[in-house]
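Colleague: predicted model and sequence follow; I will ask about them next.
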Amino acid sequence: MTKLRIVANAQAEASNSDLRSQVHFCAQTGQIWLHEHRMLLIHAQAQALLRKELIDTLGMARAQGLLTRMGYESGVRDAELARTMAQDLSDIEAFMTGPQLHTLEGIVKVTQIRLELDRSAGNFYGEFLWENSWEGQWHRHFFGVHTEPVCWTQIGYACGYTSAFMGRAILYKEVECAGMGNDHCRIIGKPVDEWEDASEYAHFFNRESIAEQLIALQTQVVELRTSIAEKKGLPADMVGNSPAFRAAYELLRHATHNEITVLLLGETGVGKEVFARTLHEHGARAKASFVAINCAAIPTDLVEAELFGVEKGAYTGAQASRAGRFERANGGTLFLDEIGDLPLAAQAKLLRVLQEGEIERVGGQTVRKVSVRLVAATNVDLRLKVKEGKFRSDLYYRLNAYQIKIPPLRERKEDISPLAKGFLEKYCALHGKRIAGFTDKAKRALLTYAWPGNIRELQNMIERGVILAPVGTRIEVHHMFSSIDERASDEFGLDAHGDLRQPVHDVGSELCEAVLGGTMTLDQVEAMLLERAVDKSHGNLSSAARMLGVTRPQLAYRLRRLQEEPLSRDSAAPAKPIQP
Ligand SMILES: [Zn+2]
């Protein structure tokens with residue numbers, strides 16, 4: 001015969017006045033007693049502020065865990081009380097001591113809806129209504145309506161109380177909550193193994209040492225800072241194992257041991273300045289200055305003064321004499337970026353420095369000796385500039401004695417992942433943020449994107465990702481790429497929703513199957529291709545021909561043929577004779 005019983009709420013009310021008589025205020029000692037447990041009478045608002053601060057400083061999930069465990073402890077204490085006080089009562093009556101204590105303590109008014117329990121068999125089902133939930137009301141007050149239940153301390157209490165009372169783990173969940181905008185909270189409790197998703201709640205009951213986590217994070221920051229400092233020899237941008245990068249790096253390494261003028265070639269953002277700096281820092285001049293100047297960024301009429309210095313009164317605005325970049329780099333290295341933009345007059349003076357090691361300030365007479373190692377860089381074709389008469393050929397040959405071509409990022413795809421990892425570490429340390437890495441989709445986007453801005457673009461996007469991704473999560477595509485527009489998604493192989501599109505070879509194999517299976521003819525495939533290319537180029541045949549990789553006359557011929565013999569889309573169309 002089962003012991004399961006359902007009793008009316010009123011039955012348990014009897015012991016309510018008994019409980020109240022257990023509260024003792026002891027003015028002499030400054031203590032409040034509930035039976036033999038010391039209690040505190042605390043301002044609800046102060047407690048609510050503490051709860052808010054926990055959430056603000058630790059985040060919702062950690063605060064939830066902490067408060068759940070705190071409630072659990074109270075529940076366990078009250079279960080002890082229930083056991084000692086209710087020795088003569090039935091199981092159900094004894095159990096109701098807990099809900100009554102919860103009410104008496106001012107936390108929440110508990111009304112029993114359904115309660116079935118059998119202590120010896122370990123059966124339990126409890127459903128209760130919570131009115132005037134302290135926690136739900138204050139949570140709403142501070143944080144507004146929440147999407148999930150918020151009475152964490154109270155749920156912890158119910159779990160702790162019932163588990164201790166039953167001698168087995170009982171898990172409660174709020175199925176309605178005042179914090180979610182419901183009129184009341186309603187809770188259901190069952191043994192843990194009767195909840196399918198119990199594992200999702202387990203972590204709230206496990207103590208976590210936040211201090212330990214903080215220490216681990218601090219250690220990580222120190223390690224990262226050190227590793228960044230160590231990499232100063234070889235910065236995060238100088239990572240790579242691709243043959244193209246290794247070749248460039250080998251050339252650079254050989255140049256560090258001599259004084260030869262180096263010309264760095266490569267697209268914008270490939271890291272020309274990093275190469276120049278590395279050359280300087282690994283060479284004999286490392287202790288002297290490294291001075292960089294972008295020739296394209298200085299107005300033509302000021303570039304000579306900037307490079308070679310100026311004497312007071314040399315021109316309007318030259319109010320004081322000052323040294324140029326060459327003098328400032330004396331003993332060290334001068335990096336001239338975008339040297340193709342240097343005006344011809346300045347080119348002549350530059351040649352003189354390279355040949356004689358001498359400069360003259362603008363408006364000055366004195367010849368000054370300088371010892372500067374020159375590293376120049378350009379992303380334009382200097383030979384072409386020479387042909388056009390815009391660049392001195394003697395200077396070109398002088399600079400071109402030792403050139404290093406730095407490959408664009410799209411030609412060193414295998415370096416993208418290690419570079420991305422390096423930048424991630426760098427920016428996490430810089431922004432004091434912990435990021436778990438990249439999502440698979442983000443990794444794929446990094447690998448498939450064309451990187452027209454090269455390493456600089458990669459670096460900027462990863463910094464953006466580090467800033468935008470929530471702490472502890474992985475960087476997603478949209479954290480790095482501001483919007484998945486049509487162009488970018490084409491490059492990523494992503495559709496408009498940012499999801500991975502079917503790979504091209506799948507589309508290709510579908511087409512093959514269609515032709516081989518007889519649903520389409522080769523001519524139909526060709527016709528589709530031609531029509532699509534003409535559509536895409538808005539009727540411009542030359543550009544359509546370029547897309548298709550044929551000449552314009554070839555395209556015109558094929559189109560004419562199509563018009564003369566309109567293709568039947570019907571698979572049963574008779575095979576056409578082969579055109580000569
Ligand atoms: Zn609630």
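Modeller: Thanks, I have it. Numbers count the residues shown, from 1 in each chain.
Colleague: okay, now the closest residue to the ion within the stretch 451-580 of the chain: neighbour count?
Modeller: Relative to the ion, the nearest point of the stretch 451-580 of the chain is residue 470 (25.6 Å; C-beta to the ion). In short, each C-beta sits where N, CA and C put it, glycine included. Neighbours of residue 470 under the rule other C-beta atoms under 10 Å: 12.
Colleague: okay, it: pLDDT?
Modeller: Per-residue pLDDT puts residue 470 at 90.
Colleague: got the phi and psi for it?
Modeller: With angles defined as degrees, to the nearest 10, residue 470 sits at phi -60, psi 150.
Colleague: mind checking how far it is from residue 478?
Modeller: 13 Å (C-beta to C-beta, to the nearest Å).
Colleague: show me where pLDDT drops low in the protein?
Modeller: 1-17, 208-212, 215-216, 218-219, 221-236, 317, 483-510, 519, 564-580 (pLDDT under 70).
Colleague: which segments of it make up each domain?
Modeller: 9-205, 243-406, 505-564 (automatic domain parsing).
Colleague: could you export those as CSV, including mean neighbour count?
Modeller: CSV is the format used below for those (neighbours: other C-beta atoms under 10 Å):
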stretch, mean neighbour count
domain 9-205, 17
domain 243-406, 17
domain 505-564, 14
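Colleague: out of the ones you listed, nearest to the ion?
Modeller: domain 9-205 (3.2 Å).
Colleague: how about that closest one against the ion, any contact?
Modeller: Yes: contact of domain 9-205 with the ion (C-beta under 5 Å from the ion) involves 133, 136, 151, 174, 177, 185.
Colleague: how about the fifth one, nearest residue that isn't a chain neighbour?
Modeller: Beyond its immediate neighbours in the sequence, the residue positioned closest to residue 177 (C-beta to C-beta, 6 or more residues apart in numbering) is residue 149, lying 3.8 Å away.
Colleague: contacts only, for the spatially most central residue of the chain.
Modeller: Nearest to the geometric centre of the chain sits residue 475, at 2.8 Å (C-alpha atoms, centre = their mean). For residue 475, the contact set (C-beta atoms under 8 Å, 6 or more residues apart in numbering) comprises 424, 435, 437-439, 442, 462, 465-466, 468-469.
Colleague: quick one, which of those residues are buried?
Modeller: Buried members of the contacts of residue 475, counted by 16 or more other C-beta atoms under 10 Å: 424, 435, 438-439, 442, 462, 465-466, 469.
Colleague: list the ones among these that fall in strands.
Modeller: residue 438 (DSSP state E).
Colleague: alpha carbons of the strand or helix carrying residue 186, as PDB, please.
Modeller: In this structure, residue 186 is located in strand 185-191 according to DSSP states H and E. Taking C-alpha atoms only, strand 185-191 is exported to PDB below (Å, rounded to 0.1, in the frame of the first residue of the first chain):
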ATOM      1  CA  CYS A 185       5.900  32.600  -9.200                       C
ATOM      2  CA  ARG A 186       5.100  28.900  -9.400                       C
ATOM      3  CA  ILE A 187       7.600  26.200  -8.700                       C
ATOM      4  CA  ILE A 188       7.700  22.400  -9.300                       C
ATOM      5  CA  GLY A 189      10.100  20.100  -7.500                       C
ATOM      6  CA  LYS A 190      11.000  16.500  -8.400                       C
ATOM      7  CA  PRO A 191      13.900  14.200  -7.800                       C
END
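Colleague: helices and strands around the following helix or strand past that strand, which ones?
Modeller: Counting by DSSP H and E, the next helix or strand C-terminal to strand 185-191 is helix 199-205. Identification of packing neighbours for helix 199-205 by 3 or more C-beta pairs under 8 Å, 6 or more residues apart in numbering; DSSP states H and E yields helix 60-85, helix 152-166.
Colleague: may I have the strands that pair with the following helix or strand past the last one, each with its orientation?
Modeller: Tracing the chain past helix 152-166, the next element assigned as helix or strand by DSSP H and E is strand 170-176. Taking DSSP bridges as the criterion, strand 170-176 forms sheet pairs with strand 185-191 (antiparallel).
Colleague: now distance to residue 446 too, for the domains of the chain, in TSV please.
Modeller: Converted to TSV, these look like this (distance: least, C-beta to C-beta, whole Å):
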stretch	distance to residue 446
domain 9-205	28
domain 243-406	15
domain 505-564	21
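Colleague: report the contact partners of residue 248.
Modeller: Per C-beta under 8 Å, 6+ apart, neighbours of residue 248: 275, 404-407.
Colleague: verify the stated contact: residue 455 with residue 409.
Modeller: Yes: taking contacts as C-beta atoms under 8 Å, residue 455 lies within contact range of residue 409: 5.9 Å.
Colleague: shouldn't residue 360 be in contact with residue 368?
Modeller: Yes: with contact defined as C-beta under 8 Å, residue 360 reaches residue 368; the gap is 7.1 Å.
Colleague: which residues in the stretch 1-150 of the chain form helices?
Modeller: Using DSSP state H, counting those that start in this stretch, the helices of the stretch 1-150 of the chain run over 9-13, 16-20, 44-58, 60-85, 91-95, 97-104, 134-143.
Colleague: with distance to residue 341 added, can I get those in JSON lines?
Modeller: As requested, the helices of the stretch 1-150 of the chain are arranged in JSON lines below (distance: least, C-beta to C-beta, whole Å):
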{"stretch": "helix 9-13", "distance to residue 341": "87"}
{"stretch": "helix 16-20", "distance to residue 341": "88"}
{"stretch": "helix 44-58", "distance to residue 341": "53"}
{"stretch": "helix 60-85", "distance to residue 341": "54"}
{"stretch": "helix 91-95", "distance to residue 341": "85"}
{"stretch": "helix 97-104", "distance to residue 341": "78"}
{"stretch": "helix 134-143", "distance to residue 341": "57"}
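Colleague: of those helices, which is nearest residue 328?
Modeller: helix 44-58 (48.3 Å; C-beta to C-beta).
Colleague: in terms of secondary structure, what does the closest one contact?
Modeller: Using 3+ C-beta pairs under 8 Å, 6+ apart, helix 44-58 sits against helix 60-85, helix 134-143.
Colleague: redo those as a markdown table? Include distance to residue 217.
Modeller: Conversion of the helices and strands packed on helix 44-58 to a markdown table gives the following (distance: least, C-beta to C-beta, whole Å):
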| stretch | distance to residue 217 |
| --- | --- |
| helix 60-85 | 14 |
| helix 134-143 | 26 |
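Colleague: of the ones you listed, which is nearest residue 535?
Modeller: Per C-beta to C-beta, nearest to residue 535 of the helices and strands packed on helix 44-58: helix 60-85, 51.8 Å.
Colleague: from the chain's centroid, how far away is that closest one?
Modeller: 37 Å (C-alpha atoms, centre = their mean, to the nearest Å).
Colleague: over to stretch 548-561?
Modeller: The answer for stretch 548-561 is 47 Å, by C-alpha atoms, centre = their mean.
Colleague: who touches it?
Modeller: In contact with stretch 548-561 (C-beta under 8 Å, 6+ apart) are residues 526, 529-530, 533-534, 541-542, 544-545, 579.
Colleague: again, only this time at 6 Å
Modeller: The contact list for stretch 548-561 (C-beta atoms under 6 Å, 6 or more residues apart in numbering) reads 530, 533, 541-542, 545.
Colleague: send me that stretch as CSV with only the CA atoms.
Modeller: In CSV, the C-alpha atoms belonging to stretch 548-561 read as follows (Å, rounded to 0.1, in the frame of the first residue of the first chain):
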residue,chain,number,x,y,z
LEU,A,548,34.1,33.9,-69.5
GLY,A,549,37.7,34.0,-70.4
VAL,A,550,37.1,34.2,-74.2
THR,A,551,37.6,37.0,-76.7
ARG,A,552,34.8,39.4,-77.7
PRO,A,553,34.6,38.0,-81.2
GLN,A,554,34.4,34.4,-79.9
LEU,A,555,31.5,35.4,-77.6
ALA,A,556,29.7,37.3,-80.3
TYR,A,557,30.0,34.3,-82.6
ARG,A,558,28.6,31.9,-80.0
LEU,A,559,25.8,34.3,-79.1
ARG,A,560,24.9,34.7,-82.8
ARG,A,561,24.8,30.9,-83.1
